[in-house]
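Student: Okay, predicted coordinates and the sequence, questions at the end:
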Amino acid sequence: MAQWRLSLTIFTILAAAAAQSPLNPAEQEAVYRILDSVSPGTPWRSLFPDDLCSSAPHGVSCDYFSSAATPHVTELSFGYVSDFSPNPACNPNSTLNPSLLSPLPRLRKLMFYKCFVQTQTPFPNLSSLSHASSLEELIFIENPALIGTLHGRIGNLKRLRRLILTGTGVSGGITEWIGKFAVLEQLTLSRNGFSGEIPINAFRNMTKLKILDLSNNAFEGSLPESIGFATWLLKVDLSHNKFSGKIPENLTCLKNVQFLDLSYNNFGNFGFPLSLAEMPNLKEVYLSGNSLGGEIPDIWENMRGIMGIGLSSMGLVGSIPKSMGVHLRNACYIGLDNNMLQGVVPHELGDLELVSELNLENNNLSGRIPFSADFLSKLGGKLKLEGNLDLCIDETLKSAKLSLDLGHIKVCRKPYVSRNALFHDSFSPSSTFPFLALVLGVLALIMVSM
């Protein structure tokens, strides 16, 4: 009985597939023309002469489950990624005319990987397409010859969930159009030529945003307070820009953030942001290269989940809190280098079992290196202590066969007391009193006997 039902199911599926209408000829021709534009010279029509929804190159997908009578092209991905994603390879002289996309009313995903690398190609004006509202994913990765701006070119893509532009020549600013993407889940604009300030209300409507990556651009000005409205954020990477002013205190609203990178900006001298202690899901936080100044606060009991923390080149002063070694039990990387930290190295840091890199170089730390031989061997060259002139190491560790070079660290001197100090101590008032009392007692007995 079960076998009969399985056979009936398979027959039904095959019958439905056989009865499925072919791809609309206009869409079929549009796909051929797009393939010709990204990979000219390849005989696409002879290689794939049949219905492209039944037999198409990898990267061309159709929707068979639409309520419409015929299938539609829903995904176009170009550029060979790997053997697991063998999309049609692009030609160095690939181009893209956005009008070629017009016959594709149900297109949901458009991706180009290393397609526009030589011939300069303006960023397509997708807002002019009559069916622009259907697009949900727009992805351009490693396309350095893709130029122009985004202004007025994607504003009508109201259903956009993923916008990824990384490694392109696109430049200009981000204006109010960014606030129209109410269903956006990922905004990645890294390694481009963007500049200028982010609009104040840019993130107010992005209540579904989970990934925000604006790294390696030239954005400037203050980070908008509206970022606090994007409460579903998991990753925030704004590193290597020119953001300035104060780090917004309403980062505390981002309770779900696991990765936060604000490093190498121009955030001002407002001290270490205590708001980090109110972000319970943080796994990685990087603030290096911002002259925040001040001391490292004792907030680590509330940040036990930290796996990586970078606080290099921040103008930090004071000592390293012992609590970092007590509470950061999951830490794999700790970077405190190139600051003005003083005092001894807390021995508690040597109890961090998972740490694989500890960078304390170029500070004003002093005293003995408190780590065991096992800890020193485990970290090897990933333990960086150079540039702390008053640090020293015990001679037994210096001479041990360790997997790191400690030649730059001086040997600690053994406790030494001079003869003068010994002589002085032996005749100090506190030590000579019993001796004088004995002498006086003997003299008294002699006087009595006489």
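Tutor: It's in. Numbering: from 1, shown residues only.

Student: Report the beta-bridge partners for G221.
Tutor: F243 (DSSP bridges).

Student: Use 7 as the first number from now on
Tutor: Yes, from this point I'll number from 7; that puts the last item at G227.

Student: is it true that L257 lies in a helix?
Tutor: Yes: with DSSP: H, G, I helix; E, B strand; the rest coil as the criterion, L257 is assigned to a helix.

Student: Okay, now the unreliable bits of this structure?
Tutor: Low-confidence segments of the chain, defined by pLDDT under 70: 7-26, 71-75, 406-407, 409, 421-456.

Student: which residue ranges form the helices in the stretch 257-406 of the chain?
Tutor: 329-333, 379-385, 401-405 (DSSP state H, counting those that start in this stretch).

Student: Name the nearest residue to F235, ignoring sequence neighbours.
Tutor: R210 (5.1 Å; CB to CB, 6 or more residues apart in numbering). To be clear about C-beta, it is placed using only N, CA and C from the backbone, and glycine gets the same treatment.

Student: so the one you found touches I184, yeah?
Tutor: No: the criterion here is CB atoms under 8 Å, and R210 misses it with I184 at 10.4 Å.

Student: So those two - more neighbours on which side?
Tutor: Between R210 and I184, counting by other CB atoms under 10 Å, I184 is the more crowded of the two (22 against 17).

Student: Show the backbone phi and psi for N369.
Tutor: Phi and psi for N369, reported as degrees, to the nearest 10, are phi -130, psi -160.

Student: Looking at the helices of the stretch 257-406 of the chain, spot the one closest to V291.
Tutor: Among the helices of the stretch 257-406 of the chain, helix 329-333 comes nearest to V291, with 12.8 Å by CB to CB.

Student: Check which residues of the closest one are buried.
Tutor: By neighbour count on 16 or more other CB atoms under 10 Å, the buried set for helix 329-333 is S329, M330, G331, V332, H333.

Student: Can you name the residues that contact the residue nearest to F235?
Tutor: G185, S232, F235 (CB atoms under 8 Å, 6 or more residues apart in numbering).

Student: Just give me the closest of those residues to M285.
Tutor: Using CB to CB, these come closest to M285 at F235, 15.6 Å.

Student: one step back: for my notes, please list the buried residues of helix 329-333 in CSV and give distance to L82 for each entry.
Tutor: Shown next, in CSV, are the buried residues of helix 329-333 (distance: CB to CB, whole Å):
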residue, distance to L82
S329, 53
M330, 50
G331, 52
V332, 54
H333, 49
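
Student: with the residues you listed in mind, which one is nearest to V323?
Tutor: Nearest to V323, judged by CB to CB, of those is M330 at 15.7 Å.

Student: wait, that closest one sits on W306?
Tutor: Yes: here M330 reaches W306: they are 5.3 Å apart, a contact under CB under 8 Å.

Student: that older thread, which helix or which strand is home to the residue nearest to F235?
Tutor: Per DSSP states H and E: R210 is located in neither a helix nor a strand.

Student: what's the spacing between it and K164?
Tutor: 16 Å (CB to CB, to the nearest Å).

Student: same deal with I204?
Tutor: Distance from I204 to K164, by CB to CB: 21 Å.

Student: Out of these two, name the residue with the larger neighbour count.
Tutor: Neighbour tally, I204 and K164, criterion other CB under 10 Å: the higher count belongs to I204, 24 against 13.

Student: Please name the residues that touch that one.
Tutor: Counting by CB under 8 Å, 6+ apart, I204 has contacts I180, I184, L220, F225, G227, L229, P230.

Student: Could you give the number of residues near the last one?
Tutor: Spelled out, it's P230. 17.

Student: quick one: it and V263, what's the gap?
Tutor: 16 Å.

Student: likewise E203?
Tutor: Distance from E203 to V263, by CB to CB: 23 Å.

Student: When the two are compared, which one has more neighbours?
Tutor: V263 (25 against 17).

Student: Please identify which of the buried residues of helix 329-333 is nearest to V79.
Tutor: Closest to V79, out of all of these and judged by CB to CB, is H333, at 53.6 Å.

Student: Grab the nearest non-local neighbour of that closest one.
Tutor: Per CB to CB, 6+ apart, closest to H333 is W306, 4.3 Å.

Student: List the residues that contact that neighbour.
Tutor: I312, P327, S329, M330, V332, H333, L334.

Student: same question, E81
Tutor: G65, V66, S67, L113, R114, K115, L116, M117.

Student: Apply 7 Å and report the result again.
Tutor: By CB atoms under 7 Å, 6 or more residues apart in numbering, E81 lies in contact with S67, R114, K115.

Student: How about S133?
Tutor: G158, R159, I160, G161, N162.

Student: let's see it at 8 Å
Tutor: Taking CB under 8 Å, 6+ apart, we find S133 in contact with G158, R159, I160, G161, N162, L163.

Student: Name the SS class of it, please.
Tutor: Applying three-state DSSP: S133 is helix.

Student: Excluding chain neighbours, what is closest to it?
Tutor: Distance criterion CB to CB, 6+ apart; nearest residue to S133, sequence neighbours excluded, is N162 at 4.2 Å.

Student: again, but for N272
Tutor: Computed as CB to CB, 6+ apart, the closest residue to N272 that is not its neighbour in sequence is S250, at 4.2 Å.

Student: ok, that neighbour to E35 distance?
Tutor: 52 Å.
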